[in-house]
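Enquirer: structure for this input, please:
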Amino acid sequence: MNYADTAERLQAYRGQIETLRHEMRALQAEVEPDPVEDYRFRTTGGEVTLSELFGDKPELFVIHNMGKGCSYCTLWADGFNGVAEHLANRAAFVVSSPDDPETQDAFRASRSWRFRMVSHQGSSFAEDMGYRRDQRFWPGVSVFRKTDKGIVRLSDTGFHPGDDFAGIWHLFDLLPEGANGWQPKYRYAQEAA
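Expert: Next up, the predicted model:
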């Protein structure tokens with residue numbers, strides 16, 4: 001198929017995806033919020049509650065990160081680092097993992113991450129939210145709202161290679177072979193200039 005015909009068909013598919021996104025947002029707006037408890041998390045500065053993570057924002061994104069041992073979770077977090085300030089302008093944002101606070105702080109510093117991290121180690125948070133199953137942690141995001149009656153979860157979704165939460169996959173989709181088995185690494189060899 002020639003370039004122009006292919007580009008036209010791909011644009012039609014992108015239009016279908018945009019229509020689906022509108023339908024998903026409309027459905028999301030109809031969801032009945034799910035009440036949750038005011039979980040406690042650990043940081044190197046001491047304990048903090050879920051309600052405190054909101055700061056002055058009514059909504060909160062909590063990223064369910066599997067910890068420093070997961071190169072995919074590191075890829076997602078690296079991407080969030082670039083948009084953290086933009087996200088925080090609209091809603092509070094925090095990354096939660098099972099790593100202890102000292103491990104989180106050291107790893108965050110090594111990656112130059114600018115967002116807040118909390119440890120859910122020793123709590124039922126990940127399991128209650130559906131991000132610990134079969135003795136394993138899973139990556140994703142939950143969105144919460146603080147109301148005068150307490151905290152509710154508005155939405156959540158898991159992360160996986162190829163998802164909408166790391167733009168790298170969509171760039172790879174523009175290559176004829178796609179990601180072609182590519183796996184994220186913590187460090188990449190620098191090519192000579």
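
Enquirer: can you map out the strands along the protein?
Expert: Using DSSP state E, the strands found in the chain span residues 34-36, 40-43, 46-49, 59-64, 92-97, 116-119, 132-133, 136-137, 140-147, 150-158.

Enquirer: show me the contacts for residue 138.
Expert: For residue 138, the contact set (C-beta atoms under 8 Å, 6 or more residues apart in numbering) comprises 64, 66, 130, 131, 132, 158. (C-beta placed from N, C-alpha, C; glycine too.)

Enquirer: residue 147 too?
Expert: Not one residue lies near residue 147 by C-beta under 8 Å, 6+ apart.

Enquirer: go again using 10 Å as the cut-off
Expert: 33, 35, 58 (C-beta atoms under 10 Å, 6 or more residues apart in numbering).

Enquirer: what's the answer for residue 143, then?
Expert: Taking C-beta under 10 Å, 6+ apart, one finds 28, 33, 59-62, 91, 152-157 in contact with residue 143.

Enquirer: would you write a ChimeraX line that selects the buried entries of those residues?
Expert: Buried residues within those, by 16 or more other C-beta atoms under 10 Å, are selected in ChimeraX with:
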select :33,60,61,62,91,152,153,154,156
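
Enquirer: okay if I get the contacts of residue 143 as TSV plus pLDDT?
Expert: Compiled in TSV, the contacts of residue 143 are given as follows (pLDDT from 0 to 100):
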residue	pLDDT
28	93
33	94
59	98
60	98
61	98
62	98
91	98
152	98
153	98
154	97
155	96
156	97
157	97
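
Enquirer: which of the contacts of residue 143 sits closest to residue 123?
Expert: Of all the contacts of residue 143, residue 62 has the smallest distance to residue 123: 12.5 Å, by C-beta to C-beta.

Enquirer: residues near the nearest residue to that closest one once chain neighbours are set aside, how many?
Expert: Take residue 62 and drop its neighbours on the chain: the residue closest to it by C-beta to C-beta, 6 or more residues apart in numbering is residue 142, 5.0 Å away. Residue 142: 22 surrounding residues under other C-beta atoms under 10 Å.

Enquirer: residue 53 is in contact with residue 142, correct?
Expert: No: contact criterion C-beta atoms under 10 Å: residue 142 and residue 53 do not qualify, at 11.6 Å.

Enquirer: what touches both of the two?
Expert: In terms of C-beta under 10 Å, 6+ apart, residue 142 and residue 53 are both contacted by the residues 60, 61, 62, 96.

Enquirer: tell me how far the third one lies from residue 127.
Expert: By that I understand residue 62. For residue 62, the distance to residue 127 (C-beta to C-beta, to the nearest Å) stands at 14 Å.

Enquirer: and what of the second one?
Expert: In this structure, residue 61 and residue 127 are separated by 19 Å, where distance is defined by C-beta to C-beta.

Enquirer: contacting residues for residue 140?
Expert: Contacts of residue 140 (C-beta under 10 Å, 6+ apart): 62-66, 76, 126, 129-131, 156-160, 163, 165.
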